[in-house]
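>>> Any chance you could fold what I've pasted below:
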Amino acid sequence: MNRLQGSAEALSALQITEDMRGLDTQSKSLLQYAEVLAVILRDTIAEYKGYSWKEVAGFIEVDSITSTMEVSPGRTNTKIRSDATEYNNLNEKTSLFDLAFRARNPQISTEDIQINLHIDVEPQKTYDVGYPIEKRGMYYLARRLSSQLSLALNITDYNRLSKCYSIWICRDDIPKEDQYSISVYEMVNTKNTAPNTVSKENYDLMTLVVIKLGNTVYNGDEEDEEYELLRFLNTIMYPHKDDFMDTVSEYIDFSDNEALHKEVIHVSTIEQIKYEGMREELTAELTAELTEELTAELTEELTAELTEELTAELTEELTAELTEELREEGIQALILDNLEEEIPKERTLVKLQKYFNLTEEKAKQHYEKFTSGEQNIITV
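Numbers count the residues shown, from 1 in each chain. Reported below is the predicted structural model:
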């Protein structure tokens with residue numbers, strides 16, 4: 001394989017993701033790196049067919065990557081509109097693209113003029129959200145297309161419109177017969193009674209790609225269509241595996257970051273870093289106290305025994321404290337992710353009781369605590 005050159009930042013994000021359980025927040029963070037996006041785009045964007053991963057990575061405008069672009073009507077193009085029109089539709093519910101960016105369209109760009117594709121990538125924990133994902137995807141495409149025209153100008157130039165892609169990667173709750181499949185929905189010209197036809201680039205402006213995973217195990221064959229893409233997505237969307245980094249490294253080369261690789265493997269999550277820091281600090285304090293209290297009569301063996309006992313007690317206390325803290329963070333992550341996916345409150349409460357052994361009353365208390373002030377915003 002013609003592997004991509006991996007950055008230190010992407011490596012760090014991958015190592016953190018490795019220890020997570022595929023939560024939407026971690027997946028979204030990982031997808032912000034060009035080398036990761038390039039693997040996905042090469043096999044989902046028709047304009048990139050035949051290009052290498054490295055070439056596709058070069059097409060991505062890294063500075064344009066954002067996860068805060070609003071989908072709601074009248075707000076998607078706030079950066080190019082005047083203050084007078086910025087708040088026209090604030091009474092509508094606000095939604096955000098998960099990951100919106102621009103990438104060069106090599107088919108119609110020239111040395112002097114660059115034409116971009118407008119792309120958004122939407123990682124979803126579940127395909128079964130109570131409504132057709134495909135309808136939501138088409139709505140996002142319509143907003144992405146309309147946002148290219150400035151409402152601040154009196155003249156509307158439709159020549160400025162460029163093609164939009166919306167790529168949805170759905171992880172769980174996929175019907176068995178649909179697992180590990182890719183569906184593409186696009187604009188097509190179905191009838192012509194005139195001798196002349198319009199160039200496809202003038203009407204084919206929206207393409208929706210829905211990728212359905214559905215199982216932690218991917219049993220595809222190398223000869224299968226889109227094998228490389230589906231295997232890569234299986235790895236990063238179900239990351240808690242022993243061979244996680246080995247598989248990722250078949251696509252992205254981190255050999256220039258070997259030292260960082262080793263360091264991040266040693267402390268690969270924020271929680272572990274915090275734990276190690278607290279442990280070292282408290283151990284240092286205990287060691288100082290022991291040094292003062294021990295007399296010259298204590299042998300080296302006794303010193304080692306006492307230190308081991310104190311370290312064991314310290315580790316037990318820290319573990320209990322951090323376990324409760326991580327449990328609270330896990331509850332919050334589940335609630336906010338379900339809220340982003342617009343999953344009904346009742347289903348969320350059931351999940352809280354099941355996964356965290358909470359009573360119904362405790363589940364409700366946590367739900368109210370972490371959803372306070374979030375009801376009017378969907379961060380999808």
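
>>> from what I can see Leu213 touches Ser181, true?
No: taking contacts as Cβ atoms under 8 Å, Leu213 lies outside contact range of Ser181: 9.1 Å. Yep, even glycine has a C-beta here, placed from its N, CA and C like the rest.

>>> between the two, who's got more neighbours?
Taking other Cβ atoms under 10 Å, Leu213 and Ser181 do not tie; Leu213 has more neighbours (22 against 15).

>>> Quick check on the more buried one: phi, psi?
Leu213 adopts backbone torsions of phi -90, psi -100, taken as degrees, to the nearest 10.

>>> Next one: it from Tyr251, what distance?
As judged by Cβ to Cβ, to the nearest Å, Leu213 and Tyr251 stand 17 Å apart.

>>> Repeat that for Ser147.
Ser147 is 32 Å from Tyr251, by Cβ to Cβ.

>>> So between these two, which is more surrounded?
Higher neighbour count among Ser147 and Tyr251: Ser147, with 25 against 22, using other Cβ under 10 Å.

>>> how close does that one sit to Leu141?
Ser147 is 11 Å from Leu141, by Cβ to Cβ.

>>> again, but for Ala363
37 Å.

>>> One more: Glu201?
From Glu201 to Leu141 the distance is 16 Å (Cβ to Cβ).

>>> Kindly report the same for Val188.
Val188 is 15 Å from Leu141, by Cβ to Cβ.

>>> and those two? which has more neighbours close in?
The neighbour count for Val188 versus Leu141, taken as other Cβ under 10 Å, is higher for Leu141 (22 against 8).

>>> give the contact list for the more buried one.
Cys164, Tyr165, Ser166, Met206, Thr207, Leu208 (Cβ atoms under 8 Å, 6 or more residues apart in numbering).

>>> please redo it, this time with the cut-off set to 7 Å
Cys164, Ser166, Met206, Leu208 (Cβ atoms under 7 Å, 6 or more residues apart in numbering).

>>> secondary structure element for it?
Element membership for Leu141 (DSSP states H and E) is helix 133-146.

>>> And the next helix or strand past that helix?
Taking DSSP H and E, what comes next after helix 133-146 is strand 164-172.

>>> Could you pull up phi and psi at the nearest residue to Ser109 once chain neighbours are set aside?
Distances taken as Cβ to Cβ, 6 or more residues apart in numbering place Ile115 nearest to Ser109, at 4.8 Å, with adjacent residues excluded. Note on Ile115: backbone dihedrals following degrees, to the nearest 10 are phi -110, psi 130.

>>> so where do the strands sit in the stretch 101-250 of the chain?
Assigned by DSSP state E, counting those that start in this stretch, the strands in the stretch 101-250 of the chain fall at 116-126, 164-172, 181-186, 206-212.

>>> so which of those strands comes closest to Ile335?
strand 116-126 (12.8 Å; Cβ to Cβ).

>>> circling back: any idea of the pLDDT on the residue nearest to Ser109?
Per-residue pLDDT puts Ile115 at 89.

>>> Return the residues in contact with it.
Applying Cβ under 7 Å, 6+ apart to Ile115 gives the contacts Asn105, Ile108, Ser109, Ser162.

>>> in the stretch 201-350 of the chain, which spans are helices?
227-237, 244-248, 258-266, 270-293, 300-340, 345-356 (DSSP state H, counting those that start in this stretch).
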